[in-house]
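Trainee: fold the following and give me the result.
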Amino acid sequence: MIENILARYEGADSVAVYAVPDPVTGDQVMAALAGTFDPEGFAQFLLAQPDLGTKMAPRFVRVMERMPVTATNKIHRALLRREGVRCTDPVWWRPPGEPAYRLLTPEDAEGPLVSTRGPSQVRRQGLEPRTR
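Mentor: Model prediction:
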C-alpha cells in the first residue's frame with residue numbers, strides 16, 4: 001500500500017518500501033526511490049496524501065539511479081534491507097519530530113541510528129513489560 005502511494009510521486013520511476021532496524025522502536029520505514037528527489041517537494045507530497053497515515057510515511061529515503069534487481073527481474077529487497085541506511089547512495093531522513101527531510105550524515109548514521117542487538121534500552125530500564 002505504501003509503495004502504491006509513493007509511486008504517485010512525480011519523480012519516482014520505481015519505489016520499494018522495507019523496514020530497517022531502529023534501536024528504540026524496533027523498525028522504521030525506509031523507501032528506495034529510483035528517479036529524481038526533491039526533499040521539500042517530497043515532504044509536501046506526503047502531506048497531501050489523504051490515504052497515507054503519519055506512521056506510514058518513510059523515515060528514510062534512499063535515492064538511486066536504478067533499483068537493484070534479482071535474476072528474475074524483481075526488486076532485490078533483501079539487498080536493500082541488508083544495506084539499510086549505510087549504503088553508497090544518498091539517504092535522506094526525517095529526524096523524530098521534524099517534518100522536513102535532510103541528508104543523512106555519517107554522524108547521524110553512527111549516533112542515534114546505531115542498531116543494537118538484544119533487548120532495547122527501554123526494556124533494560126524496566127519500562128517494557130516482560131513476557132515469558
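
Trainee: which stretches in this structure count as strands?
Mentor: Ranges of strands in the chain, per DSSP state E, are 12-22, 26-35, 60-64, 91-93, 102-103.

Trainee: could I get those as a markdown table with distance to Glu3, mean neighbour count and mean pLDDT?
Mentor: C-beta here means a position set from N, CA and C on the backbone, and glycine is covered the same way. As requested, these are exported to a markdown table (distance: least, C-beta to C-beta, whole Å; neighbours: other C-beta atoms under 10 Å; pLDDT from 0 to 100):
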| stretch | distance to Glu3 | mean neighbour count | mean pLDDT |
| --- | --- | --- | --- |
| strand 12-22 | 5 | 18 | 93 |
| strand 26-35 | 8 | 19 | 94 |
| strand 60-64 | 13 | 22 | 97 |
| strand 91-93 | 17 | 23 | 96 |
| strand 102-103 | 23 | 12 | 96 |
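
Trainee: quick one: which of these is nearest Ala109?
Mentor: strand 91-93 (8.0 Å; C-beta to C-beta).

Trainee: partner strands of the closest one, parallel or antiparallel?
Mentor: strand 60-64 (antiparallel), strand 102-103 (antiparallel) (DSSP bridges).

Trainee: quick one: neighbours of Asn73, just the number.
Mentor: When neighbours are defined as other C-beta atoms under 10 Å, Asn73 has 7 of them.

Trainee: in this protein, which residue is closest to the centre?
Mentor: By C-alpha atoms, centre = their mean, the chain has its centre lying nearest to Met30, at 1.6 Å.

Trainee: can you pull the contacts of the nearest residue to that one once chain neighbours are set aside?
Mentor: Distance criterion C-beta to C-beta, 6 or more residues apart in numbering; nearest residue to Met30, sequence neighbours excluded, is Phe60 at 4.1 Å. By C-beta atoms under 8 Å, 6 or more residues apart in numbering, the contact list for Phe60 reads 20, 28-31, 85, 91-93, 104.
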